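Enquirer: need a 3D model of the following:
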Amino acid sequence: MGYDHTEELFRRKLVVLEQGENRAWRPRILFKQYKKLRFCPFLENHLDEDGAVTGLCRLHPRYKPLICSLAPLGRRWDAKTEKSEWIFVKPAPDCPGVNSEKLQLLRDTLERHIREIEAENLFFAKLQGLLESNSKQPAYRELYFFETGLGEGSPG
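Expert: Take a look at the predicted model:
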């Protein structure tokens, strides 16, 4: 979306920090409300002629978050061993990729995202350190507030 710092996401209330599982402060995307449906704020939603809602990710493909890029592949990370377990997360039934005939090998998917996965490993290790030290919310700014390199003056 062109923000040069993630703090802008929090300032615009697209994302909030809230205490979750294990007392960890985690960012949560605030979903837009449309009638009874809720949507990711990064989806560009449209109603088609039949009144069905369709949406395209505004972050796709270049800046899509790792969790979205890997879907329907999910990850469990063990803090003690610092190892990952990769799992299949059943997508929503109306997801356009659900009935795809395309076969993707786990090895190939992980190789394409190796740098992001390694960065996420470091993130999880820092998060575990904050959890173990019972850090308060301001300490989490180190994890969640950073320059994106996507501002108007930056290339790309």
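Enquirer: for the rest of this, base every contact and every neighbour count on C-alpha atoms.
Expert: Will do.
Enquirer: what pLDDT is listed against Ala125?
Expert: Reading off the confidence values, Ala125 has pLDDT 87.
Enquirer: swap that for Ser69, please
Expert: So Ser69 comes in at 80 (pLDDT).
Enquirer: what about the helix or strand that contains it, distance to the chain center?
Expert: For Ser69, the enclosing helix or strand under DSSP states H and E is helix 66-70. Distance of helix 66-70 from the chain centroid (CA atoms, centre = their mean, to the nearest Å) equals 7 Å.
Enquirer: following that helix in sequence, what is the next regular element?
Expert: Counting by DSSP H and E, the next helix or strand C-terminal to helix 66-70 is strand 73-78.
Enquirer: that next one pairs with which strands, parallel or anti?
Expert: Sheet pairing of strand 73-78 (DSSP bridges) gives strand 83-88 (antiparallel).
Enquirer: only alpha carbons, please: show the helix or strand just after the strand it pairs with as PDB.
Expert: Using DSSP H and E, the helix or strand that follows strand 83-88 in sequence is helix 106-112. C-alpha atoms of helix 106-112 as PDB (Å, rounded to 0.1, in the frame of the first residue of the first chain):
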ATOM      1  CA  LEU A 106       6.300 -28.800  -0.300                       C
ATOM      2  CA  ARG A 107      10.000 -28.700  -1.100                       C
ATOM      3  CA  ASP A 108       9.500 -26.300  -4.000                       C
ATOM      4  CA  THR A 109       7.100 -24.100  -2.100                       C
ATOM      5  CA  LEU A 110       9.600 -23.800   0.900                       C
ATOM      6  CA  GLU A 111      12.500 -23.100  -1.500                       C
ATOM      7  CA  ARG A 112      10.700 -20.200  -3.100                       C
END
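Enquirer: I am finished for the moment; much appreciated.
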